[in-house]
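K.L.:
The following comprises the amino acid sequence and a computationally predicted model.
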Amino acid sequence: MILAAERAAVCEFARRMSADGLAVGTSGNVSARSGELVAVTPTGVDYATLTPEDVPVVGLGGTVVAGSLRPTSELPMHLSVYRDAADPGGRPITAVVHTHSVHATAVSTLVPEVPPIHYMLAAIGPSVRVAAYATYGTAELAAAMLVALRGRRGCLLANHGTITYGEDLASAYSRAQQLEWVCQLWLLARSAGTPALLPPEEIEHVVDKLRGYGQR
């Protein structure tokens, strides 16, 4: 089976996304790239029943090369990341996660950037921008997303959700989780008062520290 490992991983993380509350129903989508091919969640399918054989495989131009189901309507965003985004650390981009997580989506309606309330914002970059609103599934949304992603590993999509990427699905998914957590934290603090925010230079400092974080 073409991209067997990637299609299995797409199933696994699509189910995790629903279980972790990052998406509701058939909303949200994930993809994994190998070479010139991309395995991506299908549109309108319950992730609880999704099997690797159900997962469409497309070329970077969007042509379906394997699978009988239609790809997600957000395919233009996924392919735009693979074709046109550049990881700030020079790492390969082989996975994309798009969520409709509640707290991050709420924040996307309030501010042009996620407020730096916690240093883990640096898992995405020096800041996290909010991409201008455009209708889902359109080239306009993909273009707005690319502007917000410059020098970043994720962004919010105004009145819509989030998108993050990584060198594998585990890293892309972890960034989506961290982004949702930071947004939840800011909303909670803001509901109780005026949160103290970290200065930009501290976030930049943590961005540098995270380059050597963990086991190598």
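P.N.:
The structure has been received and is ready for your questions. Numbers count the residues shown, from 1 in each chain.

K.L.:
Tell me how far the residue sitting furthest away from the middle of the chain lies from residue 86.
P.N.:
Going by CA atoms, centre = their mean, the residue of the chain most distant from its centre is residue 193, 29.5 Å out. Distance of residue 193 to residue 86, computed by CB to CB, to the nearest Å: 39 Å. C-beta coordinates here come from the backbone N, C-alpha and C atoms, glycine included.

K.L.:
got the contact list for residue 97?
P.N.:
13, 17, 28, 30, 163-166, 169, 172-173, 175-176 (CB atoms under 8 Å, 6 or more residues apart in numbering).

K.L.:
ditto for residue 74
P.N.:
Residue 74 neighbours (CB under 8 Å, 6+ apart): 29, 98, 136, 137.

K.L.:
Tally up the residues packed near the first one, please.
P.N.:
When you say that, I think you mean residue 29. Neighbour count for residue 29, taken as other CB atoms under 10 Å: 27.

K.L.:
I figured it hits residue 14, correct?
P.N.:
Yes. In this structure, residue 29 is within contact of residue 14 by CB atoms under 8 Å, at 7.4 Å.

K.L.:
so what sits against both of those two?
P.N.:
residue 41.

K.L.:
List phi and psi for the residue nearest to residue 133 when sequence neighbours are not counted.
P.N.:
Closest residue in space to residue 133, ignoring its immediate chain neighbours: residue 158 at 4.0 Å, by CB to CB, 6 or more residues apart in numbering. The phi and psi values for residue 158, taken as degrees, to the nearest 10, are phi -50, psi 130.
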